[in-house]
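Peer 1: Here is my input; please provide its structure:
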Amino acid sequence: MVYAPRDIDPLLKDLVSGLPAVSLEGAKGVGKTATALQLAASTIELDQTGYRNNVDSDPQIVTTFPAPTLIDEWQLVPAVWDVVRRAVDQDRTPGRFLLTGSATPNDKARLHSGAGRIVRLVMRPMTLPERGTDARFNFSTGGWQVGNWGGKPARATFIPLSKDPDSENDIYGYNWYFTNTVWTKQ
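Peer 2: Presented below is the predicted three-dimensional model:
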């Protein structure tokens, strides 16, 4: 799959080049991992059982990978957060760690905030302009005008209901979204 550039890319690149650890946070499916992969030299995918078991048994291992190290779904092994925090205390070299995750770990009460060490950046779903569609607010009608995207109606920013974006399920999903969420007038 080809990466679609995001508005957040320049900011993330600046943060990673100037800070030792950045946490890219947001809802599932907004593109955190794909975006972070553009800057990562190595990746630890904690949603993969093998990686998770290795890191769970020895969280310090995350400090041995080439930087910037992307630690994807870090919340699955919450000890990683404190390992990164301590590693940053020992070495503040910029661009060491990129953490991505969409859920709060269960043992949140024991988790340090990361203040002063891990900078948090929230990622939102793709905007219509990021998706390559013409969308603008029409002040005369008080509504949004949504143009076409490749000859098809502009699509909502949510995980498709099926693998085929033209399937009947997705068409119903998109129709529901536009009927109930986006009011358009042309």
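
Peer 1: Please count neighbours and contacts with C-alpha atoms only from this point.
Peer 2: Noted.

Peer 1: Counting by contacts, list what the one helix or strand residue 51 maps to packs against.
Peer 2: Here residue 51, judged by DSSP states H and E, is contained in helix 49-57. Here helix 49-57 touches strand 42-45, going by 3 or more C-alpha pairs under 8 Å, 6 or more residues apart in numbering; DSSP states H and E.

Peer 1: Just checking: what are the partner strands of the strand it packs on?
Peer 2: Here strand 42-45 has these sheet partners by DSSP bridges: strand 69-72 (parallel).

Peer 1: what comes into contact with the partner strand?
Peer 2: By C-alpha atoms under 8 Å, 6 or more residues apart in numbering, the residues outside strand 69-72 that reach it are 33, 36-37, 40-47, 62, 96-101.

Peer 1: So residue 88 versus residue 19, what's the distance?
Peer 2: Here the criterion is C-alpha to C-alpha, to the nearest Å. By it, residue 88 lies 9 Å from residue 19.

Peer 1: correction: residue 13
Peer 2: Taking C-alpha to C-alpha, one finds residue 13 at 10 Å from residue 19.

Peer 1: So, low pLDDT: which residues of this protein?
Peer 2: 103-116, 133-186 (pLDDT under 70).

Peer 1: Domain map for it?
Peer 2: Under the assignment automatic domain parsing, the domains of the chain span 9-122, 135-180.

Peer 1: how about residue 15, what does it touch?
Peer 2: Per C-alpha under 8 Å, 6+ apart, neighbours of residue 15: residue 22.

Peer 1: And what about it, helix, strand or coil?
Peer 2: Classification of residue 15 by DSSP: H, G, I helix; E, B strand; the rest coil places it in helix.

Peer 1: What sits closest to residue 118 if chain neighbours are left out?
Peer 2: residue 21 (4.8 Å; C-alpha to C-alpha, 6 or more residues apart in numbering).

Peer 1: all helices of this protein, in order?
Peer 2: 9-18, 32-37, 49-57, 79-90, 168-180 (DSSP state H).

Peer 1: With distance to residue 3 as extra columns, can I get those helices in JSON lines?
Peer 2: Shown next, in JSON lines, are those (distance: least, C-alpha to C-alpha, whole Å):
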{"stretch": "helix 9-18", "distance to residue 3": "11"}
{"stretch": "helix 32-37", "distance to residue 3": "7"}
{"stretch": "helix 49-57", "distance to residue 3": "24"}
{"stretch": "helix 79-90", "distance to residue 3": "27"}
{"stretch": "helix 168-180", "distance to residue 3": "22"}
